[in-house]
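[1] what's the 3D shape of this:
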Amino acid sequence: MIDALLFDFGGTLDGPAHWLDRFLDKYLAAGIEISREELDPAFDHATAAGYRAGKVMQRFGLQELVRFLVGNQFEYLRKDGPGRIRAMLETAGAQGRYRKVEEITAAFASDTAAGLAYSRTIIADLKARYRLGVVSNFYGNLDRILAEARLDKFFDATIDSSRVHVFKPEPGIFTAALKALEVAPGAAAMIGDSIEKDCAPAHRLGLKTVWYRPWDQSDRGAMAPGADARADYTIAALGELRTIQW
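    Alright, predicted model coming up:
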């Protein structure tokens, strides 16, 4: 019997797309022609900067967090990005870069807020049946983000990697959630959009695993090798959790 559900945050609770892909969409909408491969190292640079920043991040709400990340992405691209991107950002000047950062920040934060609002209706239903937790590689301010979205009241455990100093896919971040919820691995399920970071490590610990895969599931060739062996269920929408027969 499943008594508890653990959720990934980015790409799961806040909407059906990885943050890198969502940032890419906002860059393109802002008129910055960049590929996913070109944005990826800037995304990783900003993520690492957020992890290094420590307790200062705990004060950031959603808008401030996204602005911090986009600002760091821009700094990387201005110094180490492809030549045409460096030239474009230099030509824009400080004010032009500031306006683009604000444009991308506002669009990304708006989408995130909408995704969290949609998830709130589903989470409210699930709370009547399960103990709930969030397990996320985050920046120390996940509790604040959930409170802004009026989701905090539904979760019995919020495990933020920067607070517990353990990052997925390390098993300790999942065991911390199980301990906080006071449930055994066999009585819990992990829901996330990543096989490698969510499903596989949780599966090894004995949790049921749900792969949140909102794109076309008929495209079986897109699955990671052995994915079926590490995900007990595959869903295209979080609402499907209401009807899973464990």
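
[2] List the buried residues for whichever strand or helix holds L77?
    Assigned by DSSP states H and E, L77 belongs to helix 62-80. Buried residues in helix 62-80, counted by 16 or more other CB atoms under 10 Å: 62-63, 65-78. Glycine gets a C-beta too; all of them are placed from N, C-alpha and C.

[3] Touching stretch 6-13 from outside, list them.
    With contact meaning CB atoms under 8 Å, 6 or more residues apart in numbering, stretch 6-13 is reached by 17-19, 115-116, 119, 123, 132-138, 142, 145, 151, 174, 177, 188-194, 197-198, 202, 207, 212, 238.

[4] next one: stretch 51-71
    23, 46-47, 49-50, 101-102, 104-106, 108-109, 112-113, 139-141, 144-145, 148-149, 162.

[5] what do you get if the cut-off is 6 Å, keeping everything else the same?
    A46, V101, I104, T105, F108, A109, Y139, G140, N141, R144, I145, E148 (CB atoms under 6 Å, 6 or more residues apart in numbering).

[6] tell me the pLDDT at the last one?
    Spelled out, it's E148. Model confidence at E148, given as pLDDT, is 97.

[7] so where do the strands sit in the chain?
    For the chain, applying DSSP state E gives strands covering 4-7, 131-136, 157-160, 188-192, 208-212, 233-235.

[8] Mind putting the ones you listed into TSV with mean neighbour count?
    Conversion of the strands of the chain to TSV gives the following (neighbours: other CB atoms under 10 Å):
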stretch	mean neighbour count
strand 4-7	26
strand 131-136	24
strand 157-160	23
strand 188-192	26
strand 208-212	24
strand 233-235	17
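
[9] Please produce a markdown table containing these, extended by distance to L39 and mean pLDDT.
    Compiled in a markdown table, the strands of the chain are given as follows (distance: least, CB to CB, whole Å; pLDDT from 0 to 100):
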| stretch | distance to L39 | mean pLDDT |
| --- | --- | --- |
| strand 4-7 | 26 | 98 |
| strand 131-136 | 21 | 98 |
| strand 157-160 | 25 | 98 |
| strand 188-192 | 22 | 98 |
| strand 208-212 | 23 | 97 |
| strand 233-235 | 28 | 96 |
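
[10] so which of those strands comes closest to K168?
    strand 131-136 (7.0 Å; CB to CB).

[11] And the contacts of that closest one?
    Strand 131-136 has contacts (CB under 6 Å, 6+ apart) with 4-7, 9, 142, 154-159, 173, 177, 181.
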